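S.K.: here you go, sequence then predicted model.
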Amino acid sequence: MTNLPAPTATVTPSAGAHGAISPSAVQTIAIGQTAAFTVTSDPGYSASVGGTCGGTLSGTQFTTNPVAANCSVVASFAQNAPSRLVLSGGDAQQTLVSTAFAQPLRVRVVDRLGAPLSGVPVVFVSPVSGAAAILSNGVAPASARGFVAAVSLGPSSLVSISDADGLATVTAVANASAGSYAVAASVDGIAPQVFNLTNLPAAVATPPVPAPALADAALALLALTLAASAFWGLSRR
């Protein structure tokens, strides 16, 4: 009597960008058994698992349903939602009117665990009248990936997209009005952060008093000498 090998099936794992699945090679298991995988996300991302095997993801561990035929396990990763903004440079600055602030205005977008998030539109808004800053180095609000800001987009507004480190940055130039004011940075659904800035009045230059011409000085000295001589002569009479 011949013992036939137990029937088997293959489980083919794969992972999308921003994470990994382990083991990553094709697994051959007996029909009716389960396969287990570790699914790891990059910081700022969360995993979900699909495919044709079915199964359950608990933490980082994915276990298939009992396998009845060849099937697949597909891990995919989505960026987490922004949770807060962190001031990362440019607060509490002052400069003369109509000049640039020394440091750019910068915030970091992070998720609930503090991981930086890239590709997030951040709206920077300066006052539209009085002392304010002229913002640059961002992108026009209309091109910000369909983002609708929770604040009114006026002439002193700009959208900056967070980079790989989660940083959104704009440069600021003081307008011609002196005074203190705030520039707000915001992302839809989370609390904004505020940069406190001051435009200082332009320094008032005191024009130098021109030195009298040499001839004028000589004439003045001569007149003074004559006046003194005349006074001395009168006093001796």
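M.R.: Looks like it came in fine.

S.K.: show me where pLDDT drops low in this structure?
M.R.: Within the chain, the segments meeting pLDDT under 70 span 1-4, 140-155, 204-237.

S.K.: my read: residue 121 touches residue 161, true?
M.R.: Yes. With contact defined as Cβ atoms under 8 Å, residue 121 reaches residue 161; the gap is 5.7 Å. Any C-beta I mention is one placed from the backbone N, CA and C, and that applies to glycine too.

S.K.: which one of these two has more residues nearby?
M.R.: residue 121 (24 against 18; other Cβ atoms under 10 Å).

S.K.: ramachandran angles for the more buried one?
M.R.: Main-chain dihedrals, residue 121, degrees, to the nearest 10: phi -70, psi 130.

S.K.: which ones are touching residue 124?
M.R.: 105, 135, 138, 157, 158, 159, 160, 168, 170, 183, 184, 185 (Cβ atoms under 8 Å, 6 or more residues apart in numbering).

S.K.: now the spatially most central residue of the chain, nearest residue through space, not along the chain?
M.R.: Most central in the chain under Cα atoms, centre = their mean is residue 168, positioned 1.5 Å from the mean C-alpha point. The shortest distance from residue 168 to any non-neighbouring residue, by Cβ to Cβ, 6 or more residues apart in numbering, is to residue 122 (3.7 Å).

S.K.: dump the helix or strand where that neighbour lies to CSV, restricted to CA.
M.R.: Element membership for residue 122, per DSSP states H and E: strand 121-125. Extracted in CSV, the C-alpha atoms of strand 121-125 (Å, rounded to 0.1, in the frame of the first residue of the first chain):
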residue,chain,number,x,y,z
PRO,A,121,-0.7,70.6,2.7
VAL,A,122,-0.2,73.3,5.4
VAL,A,123,-1.8,76.7,5.1
PHE,A,124,0.1,79.7,6.3
VAL,A,125,-2.0,82.8,6.8
